[in-house]
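Novice: Fold the following.
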Amino acid sequence: MIWIVLLVVVLLGVFFMMTYNRLVQMRERFKNAFAQIDVQLKRRYDLIPNLVETAKGYMKHERETLEAVIQARNQARAAEERAAGAPGDPQAMKGLMAAEQTLTGTMGRFFALSENYPDLKASENMRSLQEELSSTENRIAFSRQAYNDAVMRYNTLRATVPTNIVANAFNFGPAELFEIDVEEERQAPRVSF
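Specialist: Numbering: from 1, shown residues only. Coordinates of the predicted model:
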């Protein structure tokens with residue numbers, strides 16, 4: 001009888017250890033995936049001042065827009081640093097999502113306004129920076145998808161029975177997805193001929 005009890009205790013211990021290790025592994029995967037987003041966001045944040053500096057010479061009367069872009073970039077960078085310190089933390093991720101949404105809107109206004117300056121559009125430096133920014137945006141989207149996939153797997157694992165017992169016992173909280181809710185991206189584009 002003692003052997004049976006001992007065997008059950010050992011099996012439960014092995015189960016808890018394996019489950020705990022699996023949760024740690026999944027948490028580290030989504031943290032690594034966020035690190036990939038972090039690299040691309042920093043790349044974009046570094047490109048934005050160069051873009052603004054290039055535009056300054058052409059857009060002398062658009063100071064408010066240029067300052068708004070830099071301010072939004074600085075806020076997004078600060079939010080990104082907070083999120084990088086705690087990837088998956090719901091508050092940090094919500095702050096990053098809000099800051100990124102603001103930056104996206106401000107950049108959209110900047111590019112719309114730059115359309116009024118043909119010399120700026122023709123500038124080789126401006127075109128090069130726009131191409132770099134576009135490439136970086138694609139990398140961010142890819143990295144964000146990888147992060148969200150890792151978070152989804154982690155959240156699914158921590159919520160399933162019997163893993164949720166171990167997750168709750170060792171404070172494995174849910175991780176937040178990185179979703180930017182931009183209404184324009186959700187609407188179908190309008191085409192007119």
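
Novice: Without its sequence neighbours, what residue ends up closest to Leu41?
Specialist: Computed as CB to CB, 6 or more residues apart in numbering, the closest residue to Leu41 that is not its neighbour in sequence is Glu80, at 5.1 Å. C-betas here are computed from N, CA, C, even on glycine.

Novice: Settle this for me: the one you found is touching Arg43, isn't it.
Specialist: No: shown here, Glu80 and Arg43 do not form a contact pair, counting by CB atoms under 8 Å, at 11.4 Å.

Novice: Please enumerate the helices of this structure.
Specialist: With DSSP state H, the ranges of helices along the chain come out as 2-56, 63-85, 90-114, 118-122, 124-159, 163-169, 183-186.

Novice: Now do the fifth one and helix 90-114, the angle between them.
Specialist: With axes from the mean of the first three to the mean of the last three CA atoms, to 10 degrees defining the directions, helix 124-159 sits at 160 degrees from helix 90-114.

Novice: Equivalent analysis for the first one, please.
Specialist: Between the direction of helix 2-56 and that of helix 90-114, the angle (the same axes, to 10 degrees) works out to 20 degrees.

Novice: Show me what helix 2-56 is packed against.
Specialist: Using 3 or more CB pairs under 8 Å, 6 or more residues apart in numbering; DSSP states H and E, the elements in contact with helix 2-56 are helix 63-85, helix 90-114, helix 124-159, helix 163-169.
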